[in-house]
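> A structural model of the following input is requested.
(2 chains)
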Amino acid sequence: MQLIPRRILLVGVLLLGLTWTWFSRLGTAETTAGRVPAPQTGFLAPDFTLETLEGQTVTLSSLRGQPVIINFWASWCPPCRAEMPAFQAVYEEYQGRISLLSVNTAYQDNLSDALALLAEKGATFPILLDTDGAVSRLYAIISLPTTFFIGADGVIAEVVVGGPMTEAGLRARIESLLEARP
Amino acid sequence: MLPILQIGPLALRTGDLLLLVGIFLGLNLAERRARNWGVKADHLYNLTFLAMIAGILGARLSFAIQNFSLFRESPLNLFSFDAKLLDPFSGIAFASIAMLVYGQRKKLAFWPTLDAFVPALAVLAVFVGLSHLASGKAFGAPTALSWGIDLWGAARHPSQVYETIAALAILAFLWRYFSRQAASGRTFLLFIVMSAGARLLLETWRGDSLLTFGGLRLAQVIAWVVMAIGIFLLERQGLAGKPVESIEHG
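Below is the predicted model:
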């Protein structure tokens, strides 16, 4: 003889599940890390300031309000070289609607090689120089290329480790970011 | 956390690598236990292979049709490995259709075939947890508990460890079903109910939950519905309280 009829037990399990779900609910602001900066999807993109090749300074947080793509690369990295034309194509197409920050990991690259590569690929997008590796450390870069897709609200929408990325792949992500813009 | 495994010039994503290992080991176990449900191992492999091919092709084709303009300038990108250029729902639909067609042509019994896949799914679930642990995905909510792990700028619940332990417990519980005869459909439905129950419970300590109406966690709502359907089917087929028969298959 069953102490508790099986069907009552099963209904009890389902009711317990419903109760648990109800008591586990959250306020929207409590989900994920909210505004905590970390180099991971769903977190606020850590802020930084870097100099461009021309000596101007760019601060990430000043670009808030439009989507930003940050691409970490080095001239000796074959997939980084291979994806550069795709970045140039989308830069020309979406200029003014998104910001593309191409961060050369200068602390582990040779500037003349980087410049030669940019000339060879006809790259005209802004190049930032991470001369001491601080920004690469801040973004936990352990493999090149690594690309961060950041929404207009400053929250990281996707991190792509490795490459080369295709034009279609870049466009798909940019269109998603533009659609999500408030 | 070990997101990238660097072997010489080769940088491998550890999480993806663990998933591949999980699929390989899971299928291997399923192949050895398949006859328990009267299913040929070859059919399991063929179904898996077909589902993967049909799923990937269907997902890419559907994505390309819906986003034709993305490929106009670069049609060769249709052959890219980029998972972003896939439509997952179409992929699941195409994979399911391919499996159903194959099953019908080979006259495979529905429930025993699903049962035969459970060893693969249960092993894969363990590796999904390990994959999350390696990549830092599916992270936990901040906690002050002593076993919290330092991740993404805070001490967090080791949700990936919870997930792995739950999957290991489900695998251990179901192990006896892998070598003894169980009623048709029971192993699969038990796996589904237990996995959904574990997700419902463990989602509470996740830090990346998607929220739906009233602040409810979407994963918990879906898990509850799946669990309810699983329990209903177990009851309807009279399987919920049925004991496992003790026929050993060596």
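> From now on I want contacts and neighbour counts done on CA atoms only, so please keep to that.
Noted.
> Contact residues of chain B facing chain A?
Contact residues, chain B versus chain A (CA under 8 Å from any CA of the partner chain): B:4, B:11, B:70-71, B:74, B:77, B:80, B:82, B:84-85, B:141, B:152-153, B:197, B:200-201, B:204, B:206-211, B:214-217, B:220-221, B:224, B:227-228, B:231, B:241.
> Among those, the buried ones, what's the ChimeraX command?
Only the buried entries of the residues of chain B next to chain A go into this ChimeraX selection, using 16 or more other CA atoms under 10 Å in any protein chain shown:
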select /B:4,11,70,71,77,80,82,85,141,152,197,200,201,204,206,207,208,209,210,211,215,216,217,220,221,224,227,228,231
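> residues contacting residue A:82?
Residue A:82 is in contact with residue A:164, counting by CA atoms under 8 Å, 6 or more residues apart in numbering or on different chains.
> Now do the helices in chain A.
For chain A, applying DSSP state H gives helices covering A:6-23, A:78-94, A:111-121, A:134-138, A:167-180.
> Drop everything from the residues of chain B next to chain A that is not in helices and list the rest.
The helices, defined by DSSP H, take in B:70, B:71, B:197, B:200, B:201, B:220, B:221, B:224, B:227, B:228, B:231 from the residues of chain B next to chain A.
> thinking the first one is in contact with residue A:168, fair?
Yes - using CA atoms under 8 Å, residue B:70 makes contact with residue A:168 at a distance of 5.1 Å.
> Compile the helices of chain A into JSON lines and extend it with columns for mean pLDDT.
Output for the helices of chain A, formatted as JSON lines (pLDDT from 0 to 100):
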{"stretch": "helix A:6-23", "mean pLDDT": "89"}
{"stretch": "helix A:78-94", "mean pLDDT": "94"}
{"stretch": "helix A:111-121", "mean pLDDT": "94"}
{"stretch": "helix A:134-138", "mean pLDDT": "95"}
{"stretch": "helix A:167-180", "mean pLDDT": "93"}
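> Out of these, the one nearest residue B:161 is which?
With CA to CA, the closest approach to residue B:161 among the helices of chain A belongs to helix A:6-23: 20.8 Å.
> Could you show which parts of chain A are in contact with chain B?
A:6, A:10, A:14, A:17-18, A:20-22, A:24-28, A:31-33, A:36-40, A:42, A:142-143, A:165-169, A:171-173.
> ok, of these, which come out buried?
When these are checked for burial by 16+ other CA under 10 Å, the buried set is A:10, A:14, A:17-18, A:21-22, A:24-26, A:28, A:31-33, A:36-40, A:42, A:143, A:165-169, A:171-173.
> related to what we said a few turns ago, pick out the most distant pair among the ones in helices among the residues of chain B next to chain A.
Spatial extent of those (CA to CA) is set by the pair B:71 and B:231 at 45.3 Å.
> what stretches of chain B score poorly on pLDDT?
Along chain B, the parts satisfying pLDDT under 70 run over B:9, B:239-250.
> again, only using 90
Applying pLDDT under 90 to chain B flags the ranges B:1-16, B:35-38, B:67-78, B:80-84, B:135-137, B:141-142, B:151-154, B:176-185, B:207-216, B:234-250.
> What segments of it are strands?
B:4-7, B:10-13, B:149-151, B:154-156 (DSSP state E).
> Give me the distance from the first one to the chain's centre.
Using CA atoms, centre = their mean, to the nearest Å, the mean C-alpha position of strand B:4-7 is found 25 Å from that of the whole chain.
> Packing partners of it?
Under the contact criterion of 3 or more CA pairs under 8 Å, 6 or more residues apart in numbering or on different chains; DSSP states H and E, strand B:4-7 touches strand B:10-13.
> what does the strand it packs on rub up against?
With contact meaning CA under 8 Å, 6+ apart, strand B:10-13 is reached by A:143, B:3, B:4, B:5, B:6.
> how about 10 Å then?
When contacts are defined by CA atoms under 10 Å, 6 or more residues apart in numbering or on different chains, strand B:10-13 is touched by residues A:142-144, A:161-162, B:2-6, B:131, B:134-135.
> I'd like the helices of chain A written out as CSV, with distance to residue B:187 added.
Listed next are the helices of chain A as CSV, based on distance: least, CA to CA, whole Å:
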stretch, distance to residue B:187
helix A:6-23, 17
helix A:78-94, 46
helix A:111-121, 57
helix A:134-138, 47
helix A:167-180, 40
